[in-house]
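Student: Need coordinates for the following:
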Amino acid sequence: MSLSEDIFQLERRLQKFEAQLESRYPDRIRRLALASRRAGVPEDLLTVGLVGGTGVGKSSLINALAGREISATSSRRPTTDRIIPYLHRDRMSAVDHMDSIVKNLSRERAVHDVEGLRYLALFDLPDIDSSAEKNATVVREALQSLDLVVWVTSITKFADRVFHDWIGEQSSGMNLANFVFVLNKVDEIADPDPQAAARQLHENFRSSVMESLGAGGLSAEPRFFLVSAAPRAERSAADQFEAFRDFLLTERDQREVAKIKSSNRGAELESRHQHLVEALAFDERLEWIDGDSTFTEERVLAELDREDVQDALQKVLRESPVQAAMARDDFRASLASWPILPQLGFLLAPFRGIPKLLQQIALLARLEGTGESALKKRRDPLFEAMRRIEDDRRRRRSRIKDPRLEAVLSNKNDAAIETHRTRLQNECDAKLDEALAEKRPDSRSQRKPKKGFVKSVLIWLPLIWFPLLQPLLQTILNPEHDLSTLPLRLVHRLVRITGATHLLVSLLFVVVLYAAYVLILRALSWARAARECRKLLETDWWTTTLRERFHAVLTSENKSLRSSVNEEQSEASQILGELNALKEKTG
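Tutor: Here you go, the predicted model:
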């Protein structure tokens, strides 16, 4: 794959990355159009722009490069906002596809037949110190498509603030090795020792330009020339025009031209990547996320110390369905240890719908009223605690002035907090179920119940007492009757025992007594389950567990944010690695 194709692939990858980020953070990322350096320009043609202020001698410099007058030095500066092109007659259409140049070209093109300029497309750009704002726009757009930029100033204007502001602004996105700084009109130096004065001027010019460039562009150094566009006979010994002309007009092979073009595109990509990384502020965002997690942890601890929240958390555990399940398991195990009662569990059937009915009535009472006011009435301390923490986090975010951080932080609404609270309660139930699992009755004990003597007496005695023993003993021990008539009375009583009325009354007593047994066993099972839960609540396992879960549900957004930041940082690092590889190729 060629160098140009490598850069093209990297341009597409960076543009795709910018598009993804723009969709995520529209307030921070603005995807820019890639410069049109590729479009339609011959691979052996260098596009060169001359940039400078009014009266610095750009037109005269072009004539000096050509060796004869191809430019009218009286062009309408500084009012014109058009670009004046200088093209070899064989390359008239070479720049027709450079949109940022063509749309601002003057109507007439300066056509020449200078052989030394065959492989250069020279553009005299509008004056940068013009008061017309459109001039600045034209120059900025044109600079995006140039291979070499010649910054022209004079010995009387090289310290102008406008010139240095432009240098600093445009240094980003260009390979500084393709910047050429020309200090014109050195023939006007008035000093007894012109050469010493020129050396000092060169040093001052270079140092001031390098200071304005700052850290912009690639780590390469531009070229500096002190020249005079005056005729050859009038040039001083300090004049470097010939060196400047040799550099600019030297015949370059296609590979060298490709390197110059590619280095600018690489510099542009590096600049875009640098601006992207600065906008994303990876380290700053990660630091904020860590700080937010610490802040949330402190707020969670503070809320858990509140008495109303403590009561709410304990209520969640006490009313957990796990406790009811444990009570039911214990009740079944208790029934299994009694004779007859397991087969009489149907005695509770009429009462099983009562708890559900009471729950429905309570629900209807809580749902009295509609709208937001009703929702506020139903908010419990646990919900309010989570909302207080979220409100504090929102207020903390609102104090952040950097929009780059604000853009990645979403606000939680009450529905999301309610979801977190429900998830928290489910976690409580799961933890409670796990902690109480060992205390539940073993299923094997249900298959082999231990039925003691006392339990057998309590079950079988009523079954014998009411239908048989009680009426016979009542007959035998009645003092009002004579013992001589006892046999007859016993026979009479035995006959009555077999009567339907007596049997139904006796059965009713037995059923009532057995039902009382079952209800007592059920109440004892609930009491035991509640006692086990209270023992568990007296330990600190649930406080630790709930604190961890409380923190987790409130910082879930931070986890996703950190993951997103890491993914973006990884992609940016990979693009930077490819950029470094391209820099090595372009030298």
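
Student: Show the average pLDDT along the biggest helix by length in the chain.
Tutor: If you go by DSSP state H, the chain has its longest helix at helix 500-537. Average pLDDT, helix 500-537: 81.

Student: What is it packed up against?
Tutor: helix 307-318, helix 321-336, helix 414-436, helix 453-464 (3 or more CB pairs under 8 Å, 6 or more residues apart in numbering; DSSP states H and E). Using the backbone N, CA and C atoms, a C-beta is placed for each residue, glycine as well.

Student: Any idea which of those gets closest to Asp96?
Tutor: Taking CB to CB, helix 414-436 is the member of the helices and strands packed on helix 500-537 nearest to Asp96, at 57.1 Å.

Student: Which elements pack onto the closest one?
Tutor: Using 3+ CB pairs under 8 Å, 6+ apart: helix 414-436 touches helix 307-318, helix 321-336, helix 381-398, helix 500-537, helix 541-554.

Student: And the pLDDT at Pro355?
Tutor: 61.

Student: next one: the one 4 residues further on
Tutor: Among the per-residue scores, Gln359 shows a pLDDT of 57.

Student: what's the answer for Leu226, then?
Tutor: pLDDT, Leu226: 91.

Student: isn't it right next to Lys185, touching?
Tutor: No - using CB atoms under 8 Å, Leu226 makes no contact with Lys185, being 9.5 Å away.

Student: Now do the same for the nearest residue to Ala132 once chain neighbours are set aside: helix, strand or coil?
Tutor: Using CB to CB, 6 or more residues apart in numbering and skipping residues adjacent in sequence, the residue nearest Ala132 is Asp81, 5.9 Å away. Under DSSP: H, G, I helix; E, B strand; the rest coil, Asp81 falls in the coil class.

Student: Next: Phe158.
Tutor: coil.

Student: so how many other residues sit close to Pro342?
Tutor: 14 (other CB atoms under 10 Å).

Student: you'd agree it is up against Leu335?
Tutor: Yes - here Pro342 lies in contact with Leu335, judged by CB under 8 Å, at a distance of 4.9 Å.

Student: which of Leu226 and Lys185 has more neighbours?
Tutor: Between Leu226 and Lys185, counting by other CB under 10 Å, Leu226 is the more crowded of the two (25 against 22).

Student: So that one versus Val48, what's the distance?
Tutor: Separation of Leu226 from Val48 (CB to CB, to the nearest Å) stands at 19 Å.

Student: same question, Thr153
Tutor: From Thr153 to Val48 the distance is 17 Å (CB to CB).

Student: higher neighbour count, the two?
Tutor: For Thr153 versus Val48, neighbours defined as other CB under 10 Å are more numerous around Thr153 (26 against 20).

Student: so what's that one bridging to?
Tutor: Leu183 (DSSP bridges).

Student: Can you pull the poorly scored residue ranges out of the stretch 351-500 of the chain?
Tutor: 351-379, 399-414, 428, 436, 438-451, 470, 473-475, 477-486, 488-499 (pLDDT under 70).

Student: and the helices and strands packed on helix 414-436 as a markdown table, adding distance to Ile167 and mean neighbour count?
Tutor: Converted to a markdown table, the helices and strands packed on helix 414-436 look like this (distance: least, CB to CB, whole Å; neighbours: other CB atoms under 10 Å):
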| stretch | distance to Ile167 | mean neighbour count |
| --- | --- | --- |
| helix 307-318 | 62 | 16 |
| helix 321-336 | 73 | 19 |
| helix 381-398 | 39 | 17 |
| helix 500-537 | 73 | 15 |
| helix 541-554 | 51 | 18 |
